[in-house]
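*Asks:* quick one, structure for this:
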Amino acid sequence: MKEMKIIFAALLNAFLMISCHQTGHDYYSHELEKIDHRQNRELAKKEVVAIKDEIARQSEDLRMYYLLLLAEMSDEIRPYRNLETARQLVDYYENLGDRQKLLRSYIIAGQIYANCSDSPKALGYFHKAEDMLSDGKNLELRNRLYSKTAKLQLHHNMPEAARMYASRVFEYCQQEEDTVGMIQALLDISTSYHNIPGNKFDNLQRASKLAKESGQDSLQTEIQFDLAKGYAELGHYHTAKPLALPLQDSIPTAERHKVYALLCQIYYNIGQPDSAYYYGEKVMKDGNSVSKRDAHEVLAHICILRGQQEEADGHLSNYIELNNALNRIANSEAIAQADAFYHNQKQEKENEKLRDENNRKHTIIIIGVALLVVLTVLFTTYIQRHRRRQELMEMRIEHLEQLKRDYAKVDADELKQAAMAIEATPVWQRLATLSDIEHPIDEDWQELSKAVNQVYEGFSTRLMRLCHPTPHEFHVCLLLKSGFEPVRIAALTLRSKAAISTVRSRLYEKTFGKKGSAKDWDEVIRTL
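*Replies:* So this is what the prediction gives:
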């Protein structure tokens with residue numbers, strides 16, 4: 001009888017333990033569901049933090065659900081630190097088969113990889129999530145996904161794709177009468193039209209009207225600043241001025257340096273240097289690196305106009321220093337590659353120098369002390385000239401690589417439109433149909449240069465930065481950029497086809513310090 005009581009007590013204890021465990025599981029499962037659907041997200045964040053220790057003792061499914069909620073609520077998904085979180089969530093829910101939580105895990109993983117600058121993986125996860133939403137359900141989640149995708153594509157210079165997703169976000173927000181969402185979508189759409197000012201300003205004006213009608217003062221201020229900045233970038237300073245001036249009072253104090261920097265630029269370009277100098281000084285007190293860089297450039301010009309050479313030199317030095325620092329930050333990966341290339345070249349140059357020194361020392365000993373001074377001077381001169389030339393070549397090669405990277409980002413349709421735009425100009429038509437007994441006059445070359453620089457903005461400037469061509473070489477480069485074939489170029493410049501090939505290969509060698517073919521130079525012209 002006593003043994004039966006002991007067995008019964010043990011069974012009862014086990015039952016109670018299992019029951020308590022099940023009750024705890026059900027309780028925290030219910031709590032997580034309640035937090036997940038709570039409209040007050042700030043309260044939900046506090047509740048998630050409050051049950052952290054209890055969840056750590058629960059089953060894996062609750063711990064992963066908790067991790068999913070925590071990742072979604074994070075104000076800042078920290079790069080690299082949360083990559084393991086992304087992998088855990090995706091691996092777990094792919095195996096578990098919970099489609100809704102897997103969908104949310106894909107969006108979280110995409111955001112984390114986007115913050116780690118791994119765009120291919122980020123877009124891969126976003127596209128997986130988009131495929132799961134193809135049934136047309138859960139429009140709110142789809143809208144959130146499209147908004148994240150649009151911003152990622154804008155960040156990585158994919159304006160057309162970004163515009164498509166941002167337009168879908170706008171349509172959804174319009175149906176839901178979500179004014180703030182509509183404004184944010186219009187801002188993304190306007191950003192995607194960065195190179196098409198008309199469309200950009202149209203969408204900014206629409207966003208501004210919505211913000212004003214709905215009383216969204218902070219958004220209205222942000223949009224007004226974007227409009228003022230956009231007009232200033234186009235050189236419409238008198239239009240930008242009345243938009244920028246009121247922002248001094250309405251924009252948050254921490255952001256006012258941007259307005260001051262903009263007003264500094266505006267006043268300088270409308271011929272009011274004293275006002276420009278006033279706002280430039282305000283930037284120096286409270287501005288960040290970007291604002292100070294822009295202000296230093298304007299202040300340097302003002303000091304030059306005033307004859308204050310020392311102050312101008314100081315502002316110019318600060319501008320160059322800040323500009324270089326910001327470029328290093330913006331292009332850290334490219335600069336790292338350039339640094340590696342530079343150091344490799346420098347090491348090779350030092351090795352070559354050591355070999356030359358050893359050979360020359362041996363020669364000096366044989367020839368005698370009488371030639372020591374002469375040889376030393378010649379050697380030093382040679383090394384210095386070689387070093388200067390090598391550094392110049394390295395800078396040009398680095399610049400060319402940057403141009404190639406920029407050219408690779410240009411859309412094929414945009415290049416085709418540019419070529420069509422050139423061919424549609426009167427001067428191109430005239431040169432294309434000129435008979436063999438006629439030849440271009442000075443006005444033709446001037447018109448062609450103007451047309452090329454209008455279509456390919458800054459072409460001549462970029463060419464001059466690479467090399468200093470003769471007038472004939474410059475004409476050849478203009479004709480190449482305009483799409484003329486070598487045979488036609490030879491006819492227009494009174495040269496043979498072989499001579500034109502020689503000019504192109506010579507330009508490449510003169511510019512980069514190494515031999516290259518005519519087609520190598522054609523590739524350089526294509527990227528400018």
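*Asks:* span of stretch 31-51 from start to end?
*Replies:* The separation between the terminal residues of stretch 31-51, taken as CA to CA, to the nearest Å, is 9 Å.
*Asks:* what is the mean pLDDT for it?
*Replies:* Mean pLDDT, computed over stretch 31-51, is 79.
*Asks:* cool, and stretch 211-230?
*Replies:* 85.
*Asks:* that stretch: how far from the chain's middle?
*Replies:* The chain centroid and the centroid of stretch 211-230 are separated by 24 Å under CA atoms, centre = their mean, to the nearest Å.
*Asks:* which of the residues in that stretch are buried?
*Replies:* Neighbour counts using 16 or more other CB atoms under 10 Å place 211, 216, 219-230 of stretch 211-230 among the buried residues. Quick note: C-beta positions are derived from backbone N, CA and C, even for glycine.
*Asks:* so which of those residues sit within helices?
*Replies:* 211, 219-230 (DSSP state H).
*Asks:* save the residues you listed as JSON lines, and put in distance to Ala370 too.
*Replies:* JSON lines is the format used below for those (distance: CB to CB, whole Å):
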{"residue": "Ala211", "distance to Ala370": "85"}
{"residue": "Leu219", "distance to Ala370": "83"}
{"residue": "Gln220", "distance to Ala370": "84"}
{"residue": "Thr221", "distance to Ala370": "80"}
{"residue": "Glu222", "distance to Ala370": "77"}
{"residue": "Ile223", "distance to Ala370": "80"}
{"residue": "Gln224", "distance to Ala370": "79"}
{"residue": "Phe225", "distance to Ala370": "74"}
{"residue": "Asp226", "distance to Ala370": "74"}
{"residue": "Leu227", "distance to Ala370": "77"}
{"residue": "Ala228", "distance to Ala370": "74"}
{"residue": "Lys229", "distance to Ala370": "70"}
{"residue": "Gly230", "distance to Ala370": "72"}
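*Asks:* check contacts around Leu123.
*Replies:* Gly110, Thr149, Leu152, Gln153 (CB atoms under 8 Å, 6 or more residues apart in numbering).
*Asks:* which pair of these spans the longest distance?
*Replies:* Greatest spacing in the contacts of Leu123, by CB to CB: Gly110 and Gln153 (11.9 Å).
*Asks:* give me the more crowded residue out of these two.
*Replies:* Gly110 (27 against 23; other CB atoms under 10 Å).
*Asks:* isn't that one right next to Glu130, touching?
*Replies:* No. In terms of CB atoms under 8 Å, Gly110 does not count as a neighbour of Glu130; the distance is 9.9 Å.
*Asks:* what touches both of these two?
*Replies:* With CB under 8 Å, 6+ apart, Gly110 and Glu130 have common neighbours Thr149.
*Asks:* can you give me the helices for the stretch 1-150 of the chain?
*Replies:* For the stretch 1-150 of the chain, applying DSSP state H, counting those that start in this stretch gives helices covering 2-36, 41-50, 52-55, 60-73, 83-96, 99-115, 119-132, 139-155.
*Asks:* so of the ones you listed, which one's packed in deepest?
*Replies:* helix 99-115 (a mean of 22; mean count of other CB atoms under 10 Å).
*Asks:* run the angle between that one and helix 83-96 for me.
*Replies:* Following axes from the mean of the first three to the mean of the last three CA atoms, to 10 degrees, one obtains 160 degrees for the angle between helix 99-115 and helix 83-96.
*Asks:* ok and helix 99-115 relative to helix 139-155, angle-wise?
*Replies:* Going by the same axes, to 10 degrees, helix 99-115 makes 20 degrees with helix 139-155.
*Asks:* let's have the contacts of Leu123 in TSV, adding pLDDT.
*Replies:* Below are these laid out as TSV (pLDDT from 0 to 100):
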residue	pLDDT
Gly110	85
Thr149	84
Leu152	82
Gln153	81
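*Asks:* can those go into CSV with extra columns for distance to Ile383?
*Replies:* Shown next, in CSV, are the contacts of Leu123 (distance: CB to CB, whole Å):
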residue, distance to Ile383
Gly110, 54
Thr149, 55
Leu152, 50
Gln153, 50
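*Asks:* from these, which is closest to His301?
*Replies:* Among the contacts of Leu123, and counting by CB to CB, the member closest to His301 is Gln153, at 37.0 Å.
*Asks:* isn't the closest one up against Asp188?
*Replies:* No. Gln153 lies out of contact with Asp188 (CB under 8 Å); the separation is 9.4 Å.
*Asks:* joint contacts of the two?
*Replies:* Ala162.
*Asks:* any residues touching stretch 28-40, and which ones?
*Replies:* Stretch 28-40 is contacted by residues Ala44, Glu47, Val48, Ile51, Glu54, Ile55, Gln58, Leu62, Tyr65, Tyr66, Leu69 when judged by CB under 8 Å, 6+ apart.
*Asks:* quick check: the farthest pair among those residues?
*Replies:* For these, the farthest-apart pair by CB to CB is Ala44 and Gln58; their separation is 18.4 Å.
*Asks:* much appreciated, bye for now.
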